[in-house]
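>>> With the sequence up front, the predicted model follows.
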Amino acid sequence: MPEWMRLVLAGLLGGVVGSFLNVCIVRLPADESLVFPGSKCPKCGAPVGWYDNIPILSWLVLGGRCRACKDPISIQYPIVEALTALIWIAAAWYYGLTTGGVAAALLGTILLGITVTDATHMIIPHEFTFGGLAIGIVLAALDGWPGLRFALIGAAAGFALIWGVGTVGTWALKKDAMGGGDLWMMTMVGAFVGWSGVLLTVFLAALLGTLVFGPIALAKRQQGLQLPFGVFLATAAAIAFVAGDAVWAWYLGLLGVS
């Protein structure tokens, strides 16, 4: 199959997955079924026909408005679909039709879903983390015992590290320092990136939160709000998955360790 065709097919599949991801983002925080009822306008309740549910294209054709009541449709829908399509295209281009490519596409999709739900609802649905954990372990098992061992040790490391940080932080601050969503998220991430990737993810997330979003975090604390740390963890996990080995090699080189 020509590479251009592979990338086009990956983008089309990614767009479809992104459409379903939108359903998850909207319904999971509200504890609603992902299957019933079908897609409908949140304003007038009119069912959305299949022709109005084509990723990205339908939103553009309708001018970002409901066909029935003309109420605006959130731009989040085409953005999530487009980003998911780009994630799948990038995975197919960089890793090819391999287990690593499938893992990259699915992990990227899950991390995008976590980013949006945590940023908008301050929640990391267990459907993302438990489902992602199962996917990570199954994909790793396809590479035999070494792959499965990598995933299991990584998942255990993710759980242990966040549990330890949360326990110490709760004791020191006299209040919950880490949410349960962060705990299971890093367990899931560990299955994809291994124990070294877990360390890198947590370090990079803390660095992003401190250096880039420090003022935002300070402002939210002053207002009695919590910072959606899952957003930073998701960004750092993506970096660890794609470039973790290179980052570790660079860091160990600075220390003079071969």
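The structure has been received and is ready for your questions. Numbers count the residues shown, from 1 in each chain.

>>> which residues does the nearest residue to Leu62 once chain neighbours are set aside contact?
What sits nearest to Leu62 in space, not counting adjacent residues and going by CB to CB, 6 or more residues apart in numbering, is Asp52, at 6.5 Å. Where C-beta positions appear, they are placed from N, C-alpha and C, glycine not excepted. Going by CB atoms under 8 Å, 6 or more residues apart in numbering, Asp52 touches Ser58, Leu62, Arg67.

>>> measure the spatially most central residue of the chain to Gly132 for me?
The chain has Leu111 as the residue nearest its centroid, 0.6 Å off, counting by CA atoms, centre = their mean. When distance is defined by CB to CB, to the nearest Å, Leu111 is 9 Å away from Gly132.

>>> now Ala46
33 Å.

>>> After the lowest-mean-pLDDT helix or strand in the chain, which helix or strand is next?
Lowest on mean pLDDT, DSSP states H and E among the helices and strands of the chain sits helix 214-222, with a mean of 60. Helices and strands here follow DSSP states H and E; after helix 214-222, the next one along the chain is helix 229-254.

>>> Direction-wise, compare whatever helix or strand Trp163 lives in with helix 229-254 and give the angle.
Following DSSP H and E, the helix or strand that holds Trp163 is helix 145-173. Helix 145-173 and helix 229-254 are oriented at 110 degrees to each other (axes from the mean of the first three to the mean of the last three CA atoms, to 10 degrees).

>>> next SSE after helix 145-173?
Scanning forward in sequence from helix 145-173 by DSSP H and E, the next helix or strand is helix 180-207.

>>> List the buried residues in that following helix.
By neighbour count with 16 or more other CB atoms under 10 Å, helix 180-207 contains the buried residues 181-202, 204-205.

>>> before we move on, what SS does Arg67 have?
Classification of Arg67 by DSSP: H, G, I helix; E, B strand; the rest coil places it in coil.

>>> any residues touching stretch 82-96, and which ones?
Contact with stretch 82-96 is made by 3, 6-7, 9-15, 17-18, 21, 55-56, 101-102, 104-105, 108-109, 112, 242, as judged by CB under 8 Å, 6+ apart.

>>> hmm, try it at 6 Å
Stretch 82-96 is contacted by residues 6-7, 10-11, 13-15, 17-18, 21, 56, 101, 104-105, 108-109, 112 when judged by CB atoms under 6 Å, 6 or more residues apart in numbering.

>>> In helices, which of the residues you listed appear?
Among the contacts of stretch 82-96, the subset assigned to helices under DSSP state H consists of 6-7, 10-11, 13-15, 17-18, 21, 101, 104-105, 108-109, 112.

>>> Can you flag the buried ones in the residues you listed?
Here, 16+ other CB under 10 Å leaves 6, 10-11, 13-15, 17-18, 21, 101, 104-105, 108-109, 112 buried among the ones in helices among the contacts of stretch 82-96.

>>> which among the residues you listed gets closest to Leu252?
If you rank these by distance to Leu252 using CB to CB, Ala104 comes first, at 24.1 Å.

>>> How about the contacts made by that closest one?
Ala104 touches Ala91, Tyr95, counting by CB under 6 Å, 6+ apart.

>>> per-residue pLDDT, it?
In this model, Ala104 is scored at 98, pLDDT.

>>> do you know how far it is from Pro228?
Distance from Ala104 to Pro228, counting by CB to CB: 24 Å.

>>> now Ala30
As judged by CB to CB, Ala30 and Pro228 stand 17 Å apart.

>>> Which of the two has more residues huddled nearby?
Neighbour totals were compared for Ala30 and Pro228, and Pro228 leads with 26 against 7 (other CB atoms under 10 Å).
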